[in-house]
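Student: what follows is a predicted structure for the sequence shown.
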Amino acid sequence: MKELAEQRKRFGCRRLHTLLKREGLVINKKRTERIYREEKLTIRVRRRKKGAAHGRVELPKAAKPNQLWAMDFLHDALHTGRKFRLLPIIDTYTKECFWI
């Protein structure tokens with residue numbers, strides 16, 4: 001099994017089992033898997049990095065006040081443990097908070 005695994009580095013346990021079965025060396029698949037694991041012949045699985053689902057769109061920039069607003073949820077807790085949430089609305093040009 002080691003010789004076959006060295007010759008064919010990208011072959012996994014299943015493909016090596018079929019090759020050994022053709023030569024008449026093994027019958028039991030579980031035994032092949034156990035020996036494969038014991039000899040540490042497992043191949044490294046290459047994972048692809050995930051790309052962006054679609055092209056990135058640049059957000060528009062504000063050129064004057066009141067042209068573009070932003071909002072986001074904020075949350076915090078009081079010293080008593082009570083939690084509260086805020087929704088501030090901000091002008092992105094002047095960074096002034098209009099409403100919370």
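Tutor: Yep, that arrived. Numbers count the residues shown, from 1 in each chain.

Student: centre-most residue in this structure?
Tutor: Taking C-alpha atoms, centre = their mean, the centroid of the chain lies closest to residue 50, which sits 7.0 Å from it.

Student: quick one: that residue from residue 24, how far?
Tutor: 44 Å (C-beta to C-beta, to the nearest Å). Every C-beta, even on glycine, is put in place using the N, C-alpha and C of the backbone.

Student: do the same with residue 41
Tutor: 21 Å.

Student: same check, this time on residue 95
Tutor: In terms of C-beta to C-beta, residue 95 sits 78 Å off from residue 24.

Student: phi and psi next, for residue 30.
Tutor: phi -60, psi -40 (degrees, to the nearest 10).

Student: number of nearby residues for it?
Tutor: 8 (other C-beta atoms under 10 Å).

Student: now residue 32
Tutor: Counted with other C-beta under 10 Å, residue 32 comes out at 20.

Student: helix/strand/coil for it?
Tutor: What DSSP: H, G, I helix; E, B strand; the rest coil gives for residue 32 is helix.

Student: quick check: it touching residue 1?
Tutor: Yes. Between residue 32 and residue 1 there is a contact under C-beta atoms under 8 Å: 7.5 Å.

Student: and the end-to-end length of stretch 31-47?
Tutor: 28 Å (C-alpha to C-alpha, to the nearest Å).

Student: and that stretch, which residues are buried?
Tutor: Of all the residues in stretch 31-47, those buried under the rule 16 or more other C-beta atoms under 10 Å are 32, 35, 36, 41.

Student: the first one: what's it in contact with?
Tutor: Okay, so that is residue 32. 1, 13, 16, 17, 20, 26 (C-beta atoms under 8 Å, 6 or more residues apart in numbering).

Student: in this structure, which spans are strands?
Tutor: 69-71, 74-77, 83-86, 89-91, 97-99 (DSSP state E).

Student: mind giving me the packing neighbours of the third one?
Tutor: Here strand 83-86 is seen to pack against strand 74-77 when contacts are counted using 3 or more C-beta pairs under 8 Å, 6 or more residues apart in numbering; DSSP states H and E.

Student: any low-confidence regions in this structure?
Tutor: Along the chain, no part satisfies pLDDT under 70.
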